[in-house]
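Trainee: Here you go, sequence then predicted model.
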Amino acid sequence: MDLFKKQINILYKPISIKIEIIKYDPDDNKFIECAVTNKADYIISGDNHLLDLKEYGNIKILSPKEFLNCFIGM
């Protein structure tokens, strides 16, 4: 299934904020910062520190398997 048929878009702009929510692995904060800056709806990751959050604000954090199950119906 073509993801763009479901109107899923990937865009990027430079990170403009600093977030320090993940204490055990501060390097992971850059993914939250990027998602917030770019007004993302989802973060798709296999990283347990991110997955443990489940969401940040309105941004859902899903594993690749969860994403596929939700959006492609596998």
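Mentor: Thanks, I have the structure now. Numbers count the residues shown, from 1 in each chain.
Trainee: all helices for this protein, in order.
Mentor: In the chain, helices defined by DSSP state H lie at 29-37, 48-53, 64-71, listed in chain order.
Trainee: Please identify the most buried of the ones you listed.
Mentor: Comparing the helices of the chain by mean neighbour count (mean count of other CB atoms under 10 Å), helix 29-37 comes out on top with a mean of 18. The C-beta positions use only the backbone N, C-alpha and C, and glycine is treated the same way.
Trainee: starting at the chain centroid, how far to that helix?
Mentor: 8 Å (CA atoms, centre = their mean, to the nearest Å).
Trainee: circling back: just send the helices of the chain back as CSV, with distance to Ile22 and mean pLDDT too.
Mentor: Converted to CSV, the helices of the chain look like this (distance: least, CB to CB, whole Å; pLDDT from 0 to 100):
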stretch, distance to Ile22, mean pLDDT
helix 29-37, 5, 92
helix 48-53, 5, 96
helix 64-71, 19, 89
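Trainee: Export those helices to TSV and append columns for distance to Ile21.
Mentor: Below are the helices of the chain laid out as TSV (distance: least, CB to CB, whole Å):
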stretch	distance to Ile21
helix 29-37	6
helix 48-53	7
helix 64-71	20
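Trainee: Those helices: which one's closest to Glu20?
Mentor: Closest approach to Glu20 among these is made by helix 29-37 (5.8 Å; CB to CB).
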